[in-house]
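Visitor: Pasting a predicted model and its sequence here:
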Amino acid sequence: MGENKRCCFAGHSKIYETNVSELLYRQIEFLICEKNVTEFWLGNYGDFDRLCISVLSQLRKFYKIKCFLIIPYLTKDIIENKNAYAKKYDGIYMADMPPNTPPRLKILKTNHYMVDNSDYLICFINTPWGGAAKTLEYAKNHNIDIISLIPQESRD
């Protein structure tokens, strides 16, 4: 059946649309069933990230998949709630980046690390600015298949 694949995500910190969960579920299930994706890398910084782990938690009931939280640095929340994180994720990894990376760039560099190490990117990006949009632009110049949950005409 081929080697297992990995998917990461990029999306806005706020989501106001109501049908995103259903679209996300269908796309992830397609990748699992049709593209042999078994591993999912996620961030931890907004509505889209929370939606992704929620949908993946539902899908884990039916499919043998793994979910990993990829972080730029260890936070107080992760330390204090390590048991809750352990229930949601199969592991937590620090993104590989130069130690002198400025703090303001660490989340963006973490997103680049996920893109560089994934086969697919599922994104929910409807504005041309912000960290999610920068991650999408980065992904367009790298060897990764991009699946947008927003039709192109809605982004123009």
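Guide: Alright, I've got the coordinates.
Visitor: What residues of the longest helix belonging to the chain count as buried?
Guide: In the chain, with assignment by DSSP state H, the single longest helix is helix 20-35. Within helix 20-35, the residues scored as buried using 16 or more other C-beta atoms under 10 Å are 20-21, 23-25, 27-29, 31-32. (Glycine included, C-beta is placed from N, CA and C.)
Visitor: One more: stretch 39-53?
Guide: Residues of stretch 39-53 classed as buried by neighbour count (16+ other C-beta under 10 Å): 39-45, 48-49, 51-53.
Visitor: From these, which land in strands?
Guide: 39-42 (DSSP state E).
Visitor: Over to residue 77. Which of the three states is it?
Guide: At residue 77 the chain is in helix, as set by DSSP: H, G, I helix; E, B strand; the rest coil.
Visitor: residues near it, how many?
Guide: By the measure other C-beta atoms under 10 Å, the count of residues near residue 77 is 11.
Visitor: circling back to that earlier point, which residues are contacting the longest helix of the chain?
Guide: Helix 20-35 has contacts (C-beta atoms under 8 Å, 6 or more residues apart in numbering) with 5, 7, 37-38, 40, 48, 51-52, 54-56, 58-59, 63, 65, 119-120, 122, 124, 147, 149.
Visitor: could you point out where the protein is predicted with low confidence?
Guide: Within the chain, the segments meeting pLDDT under 70 span 1-2, 151-156.
Visitor: in this protein, which spans are helices?
Guide: For the chain, the helices defined by DSSP H occupy 20-35, 47-59, 76-80, 82-88, 106-116, 131-140, 152-155.
Visitor: Could you check the angle the longest helix of the chain makes with helix 47-59?
Guide: 60 degrees (axes from the mean of the first three to the mean of the last three C-alpha atoms, to 10 degrees).
Visitor: Off-centre distance for helix 20-35?
Guide: Its chain's C-alpha centre and that of helix 20-35 lie 13 Å apart, by C-alpha atoms, centre = their mean, to the nearest Å.
Visitor: next one: stretch 13-32
Guide: When distances are taken as C-alpha atoms, centre = their mean, stretch 13-32 is centred 12 Å away from the chain's centroid.
Visitor: and what of stretch 92-102?
Guide: Here stretch 92-102 is found 17 Å from its chain centre; the criterion is C-alpha atoms, centre = their mean.
Visitor: residues of it that come out buried?
Guide: Under the neighbour-count criterion of 16+ other C-beta under 10 Å, stretch 92-102 has 92, 95 buried.
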